[in-house]
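[1] Return atomic coordinates for the entry below.
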Amino acid sequence: MQKNFAYMIFFISLLLNGCAYKSSTSELVQFDNTLGTNSCDFSLVDKKLKNGDDIILWAIQGGALARNCKDFAKSTEFFDEAEAYYKFDVDMKNPLLETRDITRSILINNNANPYEGNIYEKIMVNTYKALNFLAMNDKKNARVEFNRALERQRLAKEYFANDIASLEKKNAKNLQELKSSQDSYNALMELRAESQKKKNDGKSTPQTISFNKNSIDLAFSKYTQSAVKSVYADFVNPFTTYVSALFLLNDKSYQRAADLLKENLQMDQKNLQIRKDFALADKMSGEFNADFKEHYVWLLYENGLGAVKNEFRINLPLFLFSNSFIYSTIALPSLEFRTASYPHLIIKNNSGDSFKTDVIADMDAIATAEFDKRYFSIATEAVISAAVKTIMQKHMNDVDPVLGVLGFFYQITTAKADIRSWSALPKRFESASIPIKDGNIAIVDENGTVLLKDFLQNDKNVIIYLKSSQKGQIITHKIYF
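    Sure, this is the predicted structure:
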């Protein structure tokens, strides 16, 4: 009786501990609805941050929401909070905390751990902070943030080159250790059966576990890679490189701008907008004390909604107990690709100049590239978690069938994939530019419907930043240089 009570207390404490950082699916949907209706209701974000619940996730969501509301100072505050947690809770994590998080992932699931984000999200935090400072006409701090974003990209190359390979080796070792733990369990069961032979007239069958390799293979092969493939070298975000180059071009750092645009061209050689901007930067860098004789407007377009994660389950016999099956559940994430808004936009002036936006960065491809790299680790962790819980379930059932039912219930309720992600990011970033001429410009959709008319100062360069998560929803602001 005491042992049964101890098991119940153990599992209840695990569940309570696992709920500490949990961001529910309904809360993520609630946030997306807030974002989609152009609301400036920060109550959910404020509540989550006040409770210390997934601070990185809700700080970056809050930063995106504040940008929608054109409160760039508030947006930067949110991003600063996320960046502080990136630094101290992720980049400089104590090894003991790392061990704690791994244990939580296996005994419960990764949702029991605070959200740590993806590398492409970290890069976008600094990119958005730089754009916030530009919107507030603070070019000094904008330069600092663009430099930080570019440095994060450099570090990302090293991460994917070294750490991912190391992680895959570590997970392969973990799977072997799992097999060894199964063998040890079986050896104990065989010894137990031998000791019972004398009591049962020499008849006793050990209740051993056999490793069902087909189930494990299915867990790894179930995920079929999306048709969206990364075309970007070293998982760099081309938008960060591009918008950094635009800032440098307008800040008269022409050669540095040309160098960055050359990097963009190496990733997308046929992109007309990048080629046009590179030609301008290259021309300006070749002139002594160059200054713009003609001024330009760039349209930066955040198009649609980026990829998010869904959960799928594999319900099948993971382990075989003698002649009977015990079913386990493996929960894994998959990517869901959401819709674009207007397929492209066109910017016009009264002098007959007209250009449509070109895709600068496909965020779905960027998310897919990192997800694919992490998937082996995610699947391994899910398999190990299911295996450990099944062994625990079998052991509890040997002690008391009632405990076995408790173990089964625990496994089913804790088999959850981590589907948290920064849902406010767009599907893709696009750009187009034209000379300003007399100051009158118009932005139209693919059918020629006018979405925006404006009059610009014609003695300065300007960026019109336009976000449209869905058709009919337009949020804009201007950045003058």
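[2] quick one, helices of the chain?
    In the chain, the helices defined using DSSP state H lie at 2-18, 25-36, 43-50, 55-68, 72-85, 95-107, 119-135, 139-197, 213-221, 238-250, 254-267, 272-285, 363-399, 401-414.
[3] The last one - what's its average pLDDT?
    Think helix 401-414. On average, the pLDDT along helix 401-414 is 79.
[4] right, and the helices of the chain - which one's nearest R420?
    Of all the helices of the chain, helix 55-68 sits nearest to R420, with 5.7 Å by Cβ to Cβ. For the C-beta atoms, the positions are set from N, CA and C on the backbone; glycine is no exception.
[5] CA-only coordinates of stretch 390-406 in PDB, if you can.
    Taking Å, rounded to 0.1, in the frame of the first residue of the first chain, the C-alpha atoms of stretch 390-406 are listed here in PDB:
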ATOM      1  CA  THR A 390       6.400   1.800 -21.200                       C
ATOM      2  CA  ILE A 391       9.100   0.100 -19.100                       C
ATOM      3  CA  MET A 392       7.800   2.000 -16.000                       C
ATOM      4  CA  GLN A 393       4.300   1.000 -16.900                       C
ATOM      5  CA  LYS A 394       5.300  -2.700 -17.200                       C
ATOM      6  CA  HIS A 395       7.200  -2.600 -13.900                       C
ATOM      7  CA  MET A 396       4.200  -0.900 -12.100                       C
ATOM      8  CA  ASN A 397       1.900  -3.500 -13.600                       C
ATOM      9  CA  ASP A 398       4.100  -6.300 -12.200                       C
ATOM     10  CA  VAL A 399       3.800  -4.700  -8.700                       C
ATOM     11  CA  ASP A 400       0.000  -4.100  -8.900                       C
ATOM     12  CA  PRO A 401      -2.400  -4.100 -11.900                       C
ATOM     13  CA  VAL A 402      -4.000  -0.900 -10.600                       C
ATOM     14  CA  LEU A 403      -0.600   0.800 -10.800                       C
ATOM     15  CA  GLY A 404      -0.300  -0.500 -14.300                       C
ATOM     16  CA  VAL A 405      -3.500   1.300 -15.300                       C
ATOM     17  CA  LEU A 406      -2.100   4.400 -13.700                       C
END
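[6] Start at 546, not 1
    Right, with 546 as the first residue, what we last looked at is stretch 935-951.
[7] Of the helices of the chain, which is nearest N658?
    Among the helices of the chain, the nearest to N658 by Cβ to Cβ is helix 640-652 (4.5 Å).
[8] was I right about K702 contacting E696?
    No. Using Cβ atoms under 8 Å, K702 is not in contact with E696, being 11.0 Å away.
[9] sorry, back to before: reformat the helices of the chain as JSON lines; add mean neighbour count and distance to L877.
    Shown next, in JSON lines, are those (neighbours: other Cβ atoms under 10 Å; distance: least, Cβ to Cβ, whole Å):
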{"stretch": "helix 547-563", "mean neighbour count": "13", "distance to L877": "18"}
{"stretch": "helix 570-581", "mean neighbour count": "15", "distance to L877": "16"}
{"stretch": "helix 588-595", "mean neighbour count": "15", "distance to L877": "25"}
{"stretch": "helix 600-613", "mean neighbour count": "25", "distance to L877": "20"}
{"stretch": "helix 617-630", "mean neighbour count": "20", "distance to L877": "26"}
{"stretch": "helix 640-652", "mean neighbour count": "14", "distance to L877": "13"}
{"stretch": "helix 664-680", "mean neighbour count": "24", "distance to L877": "21"}
{"stretch": "helix 684-742", "mean neighbour count": "15", "distance to L877": "14"}
{"stretch": "helix 758-766", "mean neighbour count": "14", "distance to L877": "7"}
{"stretch": "helix 783-795", "mean neighbour count": "25", "distance to L877": "29"}
{"stretch": "helix 799-812", "mean neighbour count": "19", "distance to L877": "30"}
{"stretch": "helix 817-830", "mean neighbour count": "18", "distance to L877": "37"}
{"stretch": "helix 908-944", "mean neighbour count": "20", "distance to L877": "6"}
{"stretch": "helix 946-959", "mean neighbour count": "17", "distance to L877": "14"}
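[10] Cool, thanks, talk later.
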